[in-house]
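>>> Kindly generate the corresponding structure for this input.
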Amino acid sequence: MKLKVAFLTYKQREDRAGIGDCIVITFNEKSDDGIEREACIVVDGAYSGINKDLENYLRNEGINDIDLIIATHIDEDHIAGLKYFLRDYIKKGKFGLKNYWGPAPKDYRPITIAEFVSYMPDIDEFGIENLSFISQSVDTNEKLYGFVKNVIGGDNIWHPSVKNRDSIPKIFNSVKIDILAPDKQIPSRDIVGKNEIELGNILSANLEIDLKELKNTVNEAASESDRTANNQSIVFKLTPLDDDGQEIEGCSFLFTGDAEKESWECMIGKWGGELESEVLKVAHHGSKTGTTTEVLEKVKPNYCIICVGNNSYGLPDEEVLKMIDEKDAEIFCTGRNPKAGESPCTTDDVLDKCSLWDKTDGKDILYDRIIFEVDTDTMSLSPPLDINCCSVDWKNFER
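The predicted model follows:
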């Protein structure tokens, strides 16, 4: 039996990787009566631009039915693509879907701070891009949930958390999935709801509004909403099992969504050494808010995958790459973020140690996907395989 984990690259265009997670896990699943078949899990779906690549990859792997889709949290760069994949492929019968795990959407109320403030003058001064992103994400999650429910009904939809993980039906015999976070699911509207109330109180209590105070309130609400959304990420550990149902050591994968400091502190306190995994999907696209030395000491990864590309946030953060390098873990990225002139991580030799970036010819490698394989017969994990690579000269890169 083989298990394959493919980290797909979201491409803004053919020679330009964007930021966003999309992961496909395939393996031989043996039913209780001994019949084998190819099983498939899709984790997140980046933006809609990845859908054709996702379709092609599934077709090449011979996948017609997806056993499980996991949407880790509500951020657009994780679920927007899933919404359109459900609409354009699954609802139209091009692929089947059996189960869905994702953020809780119930009690959604489509009134957001961003919409509320849009009626105010001088809105361009407010800088509410983050909050608009969260508001849009809540709406996307609601639509995604609606598509899923329409396709598979409510019985096979779960909103996983530590609190309810023991009640989630077992889906697979060949792999074990341990839910490690969040502690409990918060309805997606609550991520922005409390901040709507705070802003509403300020506006209703003042005939004359201090725009500086309002701007600060909006920005604080945006940051709080973003942290809440990220810390609601479904974090899970996937471990292949042998024919006797025993875990195969040294072959586990830890999928982390955009988990930040608060979520990690909770997981480290609750799970400790159980976090240890051979392969770590680095949280939050390599942001320093998602990875600490303590995290790496608990996970002890040999391989770290960062789903990243061109972005305005300067990700991956240099200090994260340094921390990983100091732990002697091998770094693979689905793309690189070229900033004006220099990457944020070219101040030392860390960049050259990223397996993605081959500096011998002055070019970087842009992967279509990064694939790990686990052979359960030999109980071994193969280093990443780069499939359909192309080289991109970042010195002549056009932003």
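>>> what mean pLDDT does the helix or strand Leu54 falls within have?
Leu54 belongs to helix 51-60 when elements are defined using DSSP states H and E. Averaged over helix 51-60, pLDDT sits at 92.
>>> tell me which strands and helices it is in contact with?
In terms of contacts (3 or more CB pairs under 8 Å, 6 or more residues apart in numbering; DSSP states H and E), helix 51-60 is packed against strand 2-8, strand 23-30, helix 76-85. Yep, even glycine has a C-beta here, placed from its N, CA and C like the rest.
>>> Comparing the ones you listed, which stretch has the densest surroundings?
Stretch with highest mean neighbour count among the helices and strands packed on helix 51-60: helix 76-85 (a mean of 26; mean count of other CB atoms under 10 Å).
>>> by contact count, what packs against the helix or strand that that one is followed by?
Remark: after helix 76-85, the chain's next helix or strand is strand 96-101, criterion DSSP H and E. In terms of contacts (3+ CB pairs under 8 Å, 6+ apart), strand 96-101 is packed against strand 65-70, helix 129-152, strand 157-158.
>>> can you rerun that using 7 Å?
strand 65-70, helix 129-152 (3 or more CB pairs under 7 Å, 6 or more residues apart in numbering; DSSP states H and E).
>>> Compare those and say which comes out lowest on pLDDT.
Across the helices and strands packed on strand 96-101, helix 129-152 has the smallest mean pLDDT, namely a mean of 73.
>>> shaky segments in the stretch 101-250 of the chain?
Counting by pLDDT under 70, the stretch 101-250 of the chain contains low-confidence residues at 106-136, 188-228.
>>> The stretch 251-399 of the chain now?
Ranges of the stretch 251-399 of the chain meeting pLDDT under 70: 336-367, 383-399.
>>> repeat that for 80
Scanning the stretch 251-399 of the chain for pLDDT under 80 picks out the ranges 309-314, 334-369, 376-380, 382-399.
>>> So for Ile248, which of the helices and strands packed on strand 96-101 sits nearest?
strand 65-70 (19.8 Å; CB to CB).
>>> strand partners of that closest one, parallel vs antiparallel please.
Strand 65-70 has the following strand partners under DSSP bridges: strand 36-43 (parallel), strand 96-101 (parallel).
>>> With Glu276 as the reference, name the closest of the helices and strands packed on strand 96-101.
Comparing the helices and strands packed on strand 96-101 by CB to CB, strand 65-70 comes nearest, at 21.1 Å.
>>> three-state assignment of Ala46?
Classification of Ala46 using DSSP: H, G, I helix; E, B strand; the rest coil returns coil.
>>> give the contact list for it.
By CB atoms under 7 Å, 6 or more residues apart in numbering, the contact list for Ala46 reads 10, 20-22, 77, 81.
>>> can I get the residues you listed in JSON lines with distance to Ser167?
Shown next, in JSON lines, are those (distance: CB to CB, whole Å):
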{"residue": "Tyr10", "distance to Ser167": "33"}
{"residue": "Gly20", "distance to Ser167": "31"}
{"residue": "Asp21", "distance to Ser167": "26"}
{"residue": "Cys22", "distance to Ser167": "28"}
{"residue": "Asp77", "distance to Ser167": "30"}
{"residue": "Gly81", "distance to Ser167": "29"}
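>>> would you turn those residues into CSV with pLDDT?
Output for those, formatted as CSV (pLDDT from 0 to 100):
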residue, pLDDT
Tyr10, 82
Gly20, 88
Asp21, 93
Cys22, 95
Asp77, 88
Gly81, 92
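>>> Reformat the helices and strands packed on strand 96-101 as TSV; add mean neighbour count and distance to Pro240.
Output for those, formatted as TSV (neighbours: other CB atoms under 10 Å; distance: least, CB to CB, whole Å):
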stretch	mean neighbour count	distance to Pro240
strand 65-70	21	15
helix 129-152	20	26
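>>> how about the closest residue to Tyr303 other than its chain neighbours, what does it touch?
Of all residues not flanking Tyr303 in the chain, Val279 sits nearest, at 4.7 Å (CB to CB, 6 or more residues apart in numbering). Taking CB under 7 Å, 6+ apart, we find Val279 in contact with 253, 301, 303, 305, 372.
>>> ok, the first one touching Phe7?
Think Phe253. No: using CB atoms under 7 Å, Phe253 is not in contact with Phe7; the gap is 10.3 Å.
>>> Can you show me the strands along the stretch 101-250 of the chain?
157-158, 175-181, 235-240 (DSSP state E, counting those that start in this stretch).
>>> Contacts made by stretch 96-109 with the rest, please.
Contact with stretch 96-109 is made by 64-71, 73-74, 90, 138, 141-142, 145, 148, 151-152, 156-160, 171, 185-189, 193, 232, 234, as judged by CB under 7 Å, 6+ apart.
>>> List the buried residues for it?
Going by neighbour count (16 or more other CB atoms under 10 Å), the buried part of stretch 96-109 is 97, 99-105, 108.
>>> Now render those residues as a markdown table, adding distance to Ile331.
Shown next, in a markdown table, are those (distance: CB to CB, whole Å):
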| residue | distance to Ile331 |
| --- | --- |
| Leu97 | 33 |
| Asn99 | 32 |
| Tyr100 | 31 |
| Trp101 | 28 |
| Gly102 | 29 |
| Pro103 | 29 |
| Ala104 | 34 |
| Pro105 | 35 |
| Tyr108 | 38 |
